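Colleague: Would you be able to build a 3D model of this:
(chains A and B)
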There are 2 protein chains.
Amino acid sequence: MTQRVVVVGGDAGGMSAAAQLRRLRPDPDDVSIVALERQRWTSYSACGIPYLVAGDVEDADELVARSPEEHRRRGIDVRTRTECTAIDLGAGHVVTRTEDGATARIGFDELVIATGATPMRPDLPGIQSALGVHTIDDGLRVIEGLGAVADGGRAVVVGGGYVGVEMAEALLRRGLSVTQISRSVEPMASLDPDMGALVHEAMTGLGIDVRTGESVVGIETDGDGRARRVVTDNGWYDTDIVVLGIGVRPATTLAAEAGLPLGELGGLLTDDRQAVQDGVWAAGDCTQVHHRISGRSVHIALGTHANKQGRVAGTNLGGGSITFPGVVGTAITKVCDLEIARTGLREAEARALGYDVVTAVRESTSRSGYFPGAAPIVVKVIAENGSGRLLGVQIVGHADSAKRIDSAALALWNRMTARELAMADLAYAPPFSPVWDPVQIAARALADRLPG
Amino acid sequence: MTQRVVVVGGDAGGMSAAAQLRRLRPDPDDVSIVALERQRWTSYSACGIPYLVAGDVEDADELVARSPEEHRRRGIDVRTRTECTAIDLGAGHVVTRTEDGATARIGFDELVIATGATPMRPDLPGIQSALGVHTIDDGLRVIEGLGAVADGGRAVVVGGGYVGVEMAEALLRRGLSVTQISRSVEPMASLDPDMGALVHEAMTGLGIDVRTGESVVGIETDGDGRARRVVTDNGWYDTDIVVLGIGVRPATTLAAEAGLPLGELGGLLTDDRQAVQDGVWAAGDCTQVHHRISGRSVHIALGTHANKQGRVAGTNLGGGSITFPGVVGTAITKVCDLEIARTGLREAEARALGYDVVTAVRESTSRSGYFPGAAPIVVKVIAENGSGRLLGVQIVGHADSAKRIDSAALALWNRMTARELAMADLAYAPPFSPVWDPVQIAARALADRLPG
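Modeller: Residues are numbered from 1 along each chain as shown, chains lettered A, B, ... in the order given. Model (predicted):
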């Protein structure tokens, strides 16, 4: 008997699961794999869309890690432009609909839900004129929209998070005057405000008009439905294009309708093998994940987690047994040459969890101070008072700064103290680091503040 | 009663100890600190000397993190051009000699030995014509020597380790034809030969004549004592300058003469507070350190360890109590745009320690493959079979490659398995990494080879 596996969603989580399962169980008579994808692309880098708009990436196809055809050649029955409209867990089938309206039922023994996330879109007047940047098609629509904007045109980016700052860069590099509007005290609210202020300052220095603490209340459009003005609770900004990047929520309507329980944040809850329940698996942006520092179940939509979770689901489906160990909240981005990274808890989050918090912020350089190209880097370290256990680290700097967050992430992962991190054997040579790594300089400063 | 502290050696280890002690005990009537240094510099970056020769660093003074005058202003009695010629532990004094031959005795209650390392110099005919690159004065002599070499002149670098490859780059960039000679199978013998072969290939591509498996048997000189030809067991190489970088040994003659016990590798043995015995401390290249992976006492001359050990010694001398936790063998360098890093054990070392070893080598890219500037990076992972516990990682790649060794170093530090590292929450965004970090790609490949 062939085991029938249906995967709902053809991006990182779903196709990682499908590909790994096929790797472990290559015989299609042993395991059949059907993957359903609404769009025409599979396994694409949503994180790359701002760089497509910026022009770093010339062709949308470059963002596709593995096309439907490539998956098919590997024995996965990928059905693009095919939406899954219902899951019947009792009957063991999904209902699909293709673009021409044809519906079908596909039976399954095992189901992988990888429906991703849905960008948030507040219900405001004129909001339909704001362009999203969630899918490749979204990105292509922004590029198309830019074609109608004259040189020296204006853009408003709504949202100050990762997508917001990346799109601000993209539009700036496209030659537009960019205004970024966010409700938070500083851009990059995943950083503490003191570190966000450094981002604010640098973005302003790049020529971006950064507006914080403002809420958009509507968008005025012209007769063609194009955005012309963004109105906030503090004023208004004339514009030629509006891009929306204010976050996502798990796309779990289908799962909820199928009767699967959701977490507080709307994501599917899985065990560490990525199983939702017997015969049902989930991976990627539609799930909540375990945060190893806060102990909470959180929603963090990131391609790297989706890939790992998909691989875990696929391995376990294929007869192996591995686990997804959770996250520590690591993230990284850049705005032009300003690099930004964070891991763990923000100061306020740590306090809200009841920690007595101690922090240190230190500016140093990415290389030995005397080495050409040494760039400023600011590192903030957050730890529990007394024990010195690391709770969070944030980095804002220039070239070769942000990827250092990995040291901090692994320190948090392994419950190291600030002193332990400061004394650990990180790589030093003048072209790569000062004699104490910048992360260690901040950790050392923090350790010096601890009692004892 | 003033506590009298004498520090022998004014570079990283000694001056870190002195500075930290002064920070904790600012009153000179409470603690007096005398620091003795043979040369005219203190706290300088020996690691920066190749970049001084290359021209990256314009002035030797830039390599000095803190000058004797700066230390003196902070209340440390630095005596440069003053050699310590004897330590009398019983009497509690050191004997010094200045350049004019004047000798003196300085009493101490606590002694810090930070005498550094001595470059190896084999006893071969003509060896006196080979220039070292251990001190700033050495570096200045090389630059002076280059002044006498005509454009398009030739250089031979003896030694294929860190200093050897860095000096090969420096001389190449000075416009010389460079031949590098080493006895090992491949350059960078701190890597496994398969990874060293990548370095060999890249250096050859840069135009460096890389000779491996050859031993120098002598250097022929002209009437002025200048090197003209290097003779090996395999042939001879005409040259205009010879630079020697074949490693160092602990400079512990003084300590041995004082009756202090040395380790098998000739270094001082300290406890983890950097104490040699009651009232005697040591830090830096004159000491052996605990290798956390092999469990052995090793000699690794690196400024970053010296700084940390000095700080530990200074803190404990000042009434605090912290420890130096040992090393995992992390090191990093570059040859032009080729980056090289390693941590932990080589494959052969691991086998020699009795480990059943499994390895994986994977080539990936430093950024998402589609992102501009994505550069090739090869990562080798070495782990214990069965458990999957990581034992070593090596990286050879281009831009933004080598500092990733820090993730591996902290994984080894915390005794993580290959699978744990592969699944850990490292930072991903297209400008910084593929969706699985290159180190994780290799770790994942290794994990897939493990039983179970």
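Colleague: contacting residues for the most centrally placed residue in chain A?
Modeller: Centroid-nearest residue in chain A: A:Leu302, 3.3 Å away (criterion: Cα atoms, centre = their mean). Neighbouring residues of A:Leu302 by Cβ atoms under 8 Å, 6 or more residues apart in numbering or on different chains: A:47, A:285, A:331, B:428. C-beta coordinates here come from the backbone N, C-alpha and C atoms, glycine included.
Colleague: Weed out the non-buried ones from those.
Modeller: A:47, A:285, A:331, B:428 (16 or more other Cβ atoms under 10 Å in any protein chain shown).
Colleague: Against A:Glu166, how distant is the third one?
Modeller: If I follow you right, that is A:Ala331. Per Cβ to Cβ, to the nearest Å, A:Ala331 is found 12 Å from A:Glu166.
Colleague: same check, this time on the second one
Modeller: Distance from A:Asp285 to A:Glu166, counting by Cβ to Cβ: 17 Å.
Colleague: A:Ala189 too?
Modeller: 15 Å.
Colleague: Which of the two has more residues huddled nearby?
Modeller: Shown here are A:Ala189 and A:Glu166; by other Cβ atoms under 10 Å in any protein chain shown, A:Glu166 has more neighbours (26 against 19).
Colleague: Could you confirm the more buried one falls within a helix?
Modeller: Yes - according to DSSP: H, G, I helix; E, B strand; the rest coil, A:Glu166 belongs to a helix.
Colleague: Identify the residues contacting it.
Modeller: With Cβ under 8 Å, 6+ apart, A:Glu166 has these contacts: A:50-51, A:245, A:333-335.
Colleague: Relative to A:Lys334, how far out is it?
Modeller: Distance from A:Glu166 to A:Lys334, by Cβ to Cβ: 8 Å.
Colleague: Please apply the same query to A:Ile106.
Modeller: To A:Lys334, A:Ile106 is 42 Å away according to Cβ to Cβ.
Colleague: ranges for the helices of the stretch 101-250 of chain A?
Modeller: For the stretch 101-250 of chain A, applying DSSP state H, counting those that start in this stretch gives helices covering A:136-147, A:162-173, A:193-205.
Colleague: Which strands and helices lie in contact with the first one?
Modeller: Read it as helix A:136-147. Judged by 3 or more Cβ pairs under 8 Å, 6 or more residues apart in numbering or on different chains; DSSP states H and E, helix A:136-147 is in contact with helix A:49-54, strand A:241-244.
Colleague: mind checking which of these is nearest chain B?
Modeller: helix A:49-54 (5.8 Å; Cβ to the nearest Cβ).
Colleague: The contacts of A:Glu166 also near chain B: which ones?
Modeller: A:51, A:333-334 (Cβ under 8 Å from any Cβ of the partner chain).
Colleague: Now rank these by neighbours and give me the top one.
Modeller: Busiest of the ones next to chain B among the contacts of A:Glu166 [other Cβ under 10 Å] is A:Thr333, holding 27 neighbours.
Colleague: Can I take it that that residue is in a helix?
Modeller: No - if the criterion is three-state DSSP, then A:Thr333 is strand and not within a helix.
Colleague: doesn't A:Gly164 make contact with it?
Modeller: No - taking contacts as Cβ atoms under 8 Å, A:Thr333 lies outside contact range of A:Gly164: 9.8 Å.
Colleague: least confident pick among the buried ones among the contacts of A:Leu302?
Modeller: Ranked by pLDDT, the buried ones among the contacts of A:Leu302 bottom out at A:Cys47, which scores 95.
Colleague: The stretch 251-400 of chain A against chain B: which residues are in contact?
Modeller: So the stretch 251-400 of chain A meets chain B at A:292, A:302-305, A:307-308, A:312, A:321-334, A:341, A:343, A:368, A:370-372, A:400 (Cβ under 8 Å from any Cβ).
Colleague: Emit the ChimeraX select command for whichever of the residues you listed are buried.
Modeller: To isolate the buried members of those in ChimeraX, using 16+ other Cβ under 10 Å:
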select /A:292,302,303,304,305,307,308,312,322,324,325,326,327,328,329,330,331,332,333,334,341,343,368,370,371,400
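Colleague: Filter the residues of the stretch 251-400 of chain A next to chain B down to the ones in helices?
Modeller: A:303-305, A:307-308, A:312 (DSSP state H).
Colleague: of these, closest to chain B?
Modeller: Closest to chain B, out of all of these and judged by Cβ to the nearest Cβ, is A:Thr304, at 3.8 Å.
Colleague: and that closest one, what does it touch?
Modeller: Applying Cβ under 8 Å, 6+ apart, the residues near A:Thr304 are B:425-426, B:428, B:435-436.
Colleague: Equivalent analysis for A:Gly397, please.
Modeller: By Cβ under 8 Å, 6+ apart, the neighbours of A:Gly397 are A:338-339, A:366, A:375-379, A:438.
Colleague: Now that we're looking at it, what pLDDT does it have?
Modeller: 98.
Colleague: ok, now A:Gly452?
Modeller: The model's pLDDT for A:Gly452 equals 66.
Colleague: is it true that A:Cys47 touches B:Phe432?
Modeller: No - A:Cys47 is beyond contact range of B:Phe432, at 10.3 Å (criterion: Cβ under 8 Å).
Colleague: Count the neighbours of the residue nearest to A:Val149 when sequence neighbours are not counted for me.
Modeller: Of all residues not flanking A:Val149 in the chain, A:Asp240 sits nearest, at 4.3 Å (Cβ to Cβ, 6 or more residues apart in numbering or on different chains). Using other Cβ under 10 Å, A:Asp240 is surrounded by 19 other residues.
Colleague: do you know how far the residue nearest to A:Pro187 when sequence neighbours are not counted is from B:Leu269?
Modeller: Nearest residue to A:Pro187, sequence neighbours excluded (Cβ to Cβ, 6+ apart): A:Gly160, at 3.7 Å. Separation of A:Gly160 from B:Leu269 (Cβ to Cβ): 55 Å.
Colleague: With A:Val393 instead?
Modeller: In terms of Cβ to Cβ, A:Val393 sits 35 Å off from B:Leu269.
Colleague: Helix, strand, or coil at the residue nearest to A:Pro451 when sequence neighbours are not counted?
Modeller: Among residues not flanking A:Pro451 along the chain, A:Gly386 sits closest, at 6.7 Å (Cβ to Cβ, 6+ apart). Under three-state DSSP, A:Gly386 falls in the coil class.
Colleague: residues touching A:Gly386, list them.
Modeller: Contacts of A:Gly386 (Cβ under 8 Å, 6+ apart): A:356, A:450-451.
Colleague: where exactly do the strands run in the stretch 201-350 of chain A?
Modeller: Per DSSP state E, counting those that start in this stretch, the stretch 201-350 of chain A carries strands over the ranges A:209-211, A:216-221, A:227-232, A:235-238, A:241-244, A:248-250, A:275-277, A:280-282, A:289-290, A:297-298, A:331-335, A:338-344.
Colleague: and the fifth one, C-alpha only, in CSV?
Modeller: These are the backbone C-alpha positions of strand A:241-244, laid out as CSV (Å, rounded to 0.1, in the frame of the first residue of the first chain):
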residue,chain,number,x,y,z
ILE,A,241,3.4,54.8,-4.0
VAL,A,242,2.7,53.2,-0.6
VAL,A,243,4.2,50.0,0.6
LEU,A,244,2.9,48.1,3.5
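Colleague: Alright, I will stop here.
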